[in-house]
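Undergrad: whatever this is, show me its structure:
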Amino acid sequence: MTITTVLGFDFGHKRIGVATGQTITCTATPLTTLAASADGAHWPQIDELVRQWKPDALLVGIPYLLDGKETEMTQATRDFKHQLEQRFALPVVLVDETLSSYQAEAMLKQNMKIDQHNKAEIDKMAAAVIVQGWLDQQ
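TA: A predicted model of the protein is given here:
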């Protein structure tokens, strides 16, 4: 199977950043930030994004500590990956997202003032950083 279009997710308990990527152009684009919820209220929005973009694969940024150790969030992200696998008949790839939010924030600081109200911008840009990192390795 040739992968040309991917959707990438920066999973969090409060927000889920989403980006798309194209292997033909090797570019990632931030799409949106969804409100995450324990009751799964974000699934209809994810369903719609998958239907709209028709990706060949899904990417999920997985967080590790700087020393490579796993955290509670690492396991929550693995759970999110498994839910994606069960919900969609698509390959789901875990991508190391170490420092992606910091990189996204630094990129955005060049263009806008970042504060607590801009967290949604950071999350979708972090998803784009995750997707771009994966594309660069392909």
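Undergrad: what are the buried residues along stretch 60-72?
TA: If you call a residue buried by 16 or more other CB atoms under 10 Å, then stretch 60-72 has these buried ones: 60-63. Bear in mind the C-beta positions are built from the backbone N, C-alpha and C, glycine included.
Undergrad: of these, which is the nearest to Thr77?
TA: Distance to Thr77, by CB to CB, is smallest for Ile62 among the buried residues of stretch 60-72, at 4.9 Å.
Undergrad: how far away is that closest one from Lys54?
TA: Using CB to CB, to the nearest Å, one gets 24 Å for the distance from Ile62 to Lys54.
Undergrad: for this structure, what's the longest helix?
TA: Longest helix in the chain by number of residues (criterion: DSSP state H): helix 119-137.
Undergrad: which of the buried residues of stretch 60-72 fall within strands?
TA: The members of those that map onto strands under DSSP state E are 60-62.
Undergrad: if we can go back for a sec, Glu48: which of the buried residues of stretch 60-72 is nearest?
TA: Proximity to Glu48 was ranked across the buried residues of stretch 60-72 by CB to CB; first place goes to Val60, at 18.0 Å.
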